[in-house]
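>>> Predicted model follows, preceded by the sequence.
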Amino acid sequence: MALYEYGSLAYRRAGPEAAGIDVDIVAEVARRTGCRFETFVDSRVRTWTDLAHGSLDMTVSAIEMDERKGFARFVIYMTGRNRLLVRSDLPDRVATLDAFAERPELRLAVVKGFKHGPQWDPWIAMLHQQGRVDEYADARQAARLVALGRDAAFLSEPVVWKRILTDSKLQGRITVIDAFPGDNYAAGFALSRARVREDDARRIQEAISAMRSDGTLLKIFSAYLSRGEALSSLP
């Protein structure tokens, strides 16, 4: 199972061991199903390439999209939406997407291989065509380049951004633009159709459903987020 470092979802503690919401969910599903998961941290681009080619079993926090359903089954355990986080120390404050788009000197930092939502992705593609998008290996690097002034903004969400903003020293230095309030996504495990048997997928789905019903999912999210953020992250 491929993890990826993304704020409170998964991060490295002292040493190579990972911690976070996804890590705790995987551990609880393993306990309930008896499955043994071999987890490792990988890039999002390689993860999706390997899933599509049938050389990886599973990944986490995967956004469900029609183009991915051909090679993966989805077991949803979270929901959310992205916002644009813009440096608040720009010469002229940016408070809307239009204001950002109208200033050609402003660049956007994104994580290579990420999908952001059906309304966000066309807007990002427009900036791509203008040569105003820089792609980075992970969200921490994207935020760091925004903090250093290379880029003016990046996309993130409450479930992850507290840790990212703290690590990059951007806390208190950004303006949050919630441009598409209805652009919510559903995410969870993506299970390879080629490699994961249907009965195993069903057991994982049953475990997640039980965790939602008995409050375990809320407890896991609440260990890393405020109660309001945790509640809003549940499907």
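That came through, no problem. In this text the structure is predicted, and so the values were computed from the model without any measurement.

>>> By average pLDDT, which secondary structure element in this structure comes out worst?
Every helix and strand of the chain was ranked by mean pLDDT, DSSP states H and E. The lowest is strand 11-12, at a mean of 82.

>>> First-to-last residue distance for stretch 170-183?
The first and last residues of stretch 170-183 sit 25 Å apart, counting by CA to CA, to the nearest Å.

>>> about what we covered before: give me the residues contacting the least confident helix or strand of the chain.
Contacts with strand 11-12, where a contact means CB atoms under 8 Å, 6 or more residues apart in numbering, come from 5, 18, 19, 20, 41, 163. Backbone N, C-alpha and C define where each C-beta goes, glycine included.

>>> Show me the strands in this protein, by range?
Under the criterion DSSP state E, strands of the chain are mapped to 2-3, 11-12, 18-19, 40-41, 58-63, 72-80, 83-87, 108-111, 133-136, 153-156, 174-177, 185-192.

>>> Which of those has the lowest mean pLDDT?
With a mean of 82, strand 11-12 has the lowest mean pLDDT of these.

>>> quick one: that strand to chain centroid distance?
Its chain's C-alpha centre and that of strand 11-12 lie 14 Å apart, by CA atoms, centre = their mean, to the nearest Å.

>>> Provide the strand pairings for that strand, with the direction of each partner.
Applying DSSP bridges, strand 11-12 is found paired with strand 18-19 (antiparallel).

>>> Quick check: pLDDT value at residue 171.
92.

>>> residues in contact with it?
Going by CB under 8 Å, 6+ apart, residue 171 touches residue 165.

>>> cool, and residue 59?
Taking CB under 8 Å, 6+ apart, one finds 1, 2, 3, 4, 47, 48, 51, 189, 190 in contact with residue 59.

>>> CA atoms only for stretch 19-35 - export them in PDB, please.
C-alpha atoms of stretch 19-35 as PDB (Å, rounded to 0.1, in the frame of the first residue of the first chain):
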ATOM      1  CA  ALA A  19       2.200   8.800  11.300                       C
ATOM      2  CA  GLY A  20      -1.100  10.400  10.500                       C
ATOM      3  CA  ILE A  21      -4.800   9.900   9.700                       C
ATOM      4  CA  ASP A  22      -4.100   7.500   6.800                       C
ATOM      5  CA  VAL A  23      -1.600   5.500   8.800                       C
ATOM      6  CA  ASP A  24      -4.100   5.100  11.700                       C
ATOM      7  CA  ILE A  25      -6.900   4.100   9.300                       C
ATOM      8  CA  VAL A  26      -4.800   1.500   7.700                       C
ATOM      9  CA  ALA A  27      -3.800   0.000  11.100                       C
ATOM     10  CA  GLU A  28      -7.400  -0.200  12.200                       C
ATOM     11  CA  VAL A  29      -8.600  -1.800   9.000                       C
ATOM     12  CA  ALA A  30      -5.800  -4.300   9.300                       C
ATOM     13  CA  ARG A  31      -6.900  -5.100  12.900                       C
ATOM     14  CA  ARG A  32     -10.500  -5.600  11.900                       C
ATOM     15  CA  THR A  33     -10.000  -7.600   8.700                       C
ATOM     16  CA  GLY A  34      -6.900  -9.600   9.600                       C
ATOM     17  CA  CYS A  35      -5.200  -8.300   6.400                       C
END
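
>>> Buried residues in it, which are they?
Residues of stretch 19-35 classed as buried by neighbour count (16 or more other CB atoms under 10 Å): 20-26, 28-30, 32-33, 35.

>>> what's the spacing between it and its chain's center?
In terms of CA atoms, centre = their mean, the centre of stretch 19-35 is set 18 Å apart from its chain centre.

>>> Can I get the helix ranked longest in the chain in CSV? Just the C-alpha atoms.
Assignment by DSSP state H gives helix 198-213 as the longest helix of the chain. Only the C-alpha atoms of helix 198-213 are listed here, as CSV (Å, rounded to 0.1, in the frame of the first residue of the first chain):
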residue,chain,number,x,y,z
GLU,A,198,-13.4,-8.8,-4.7
ASP,A,199,-13.9,-10.6,-1.3
ASP,A,200,-10.9,-8.7,0.1
ALA,A,201,-12.3,-5.4,-1.2
ARG,A,202,-15.6,-6.2,0.4
ARG,A,203,-14.0,-6.9,3.8
ILE,A,204,-12.2,-3.6,3.6
GLN,A,205,-15.4,-1.8,2.7
GLU,A,206,-17.2,-3.5,5.6
ALA,A,207,-14.5,-2.4,8.0
ILE,A,208,-14.7,1.2,6.9
SER,A,209,-18.5,1.2,7.1
ALA,A,210,-18.3,-0.2,10.7
MET,A,211,-15.6,2.4,11.6
ARG,A,212,-17.9,5.2,10.4
SER,A,213,-20.9,3.8,12.3
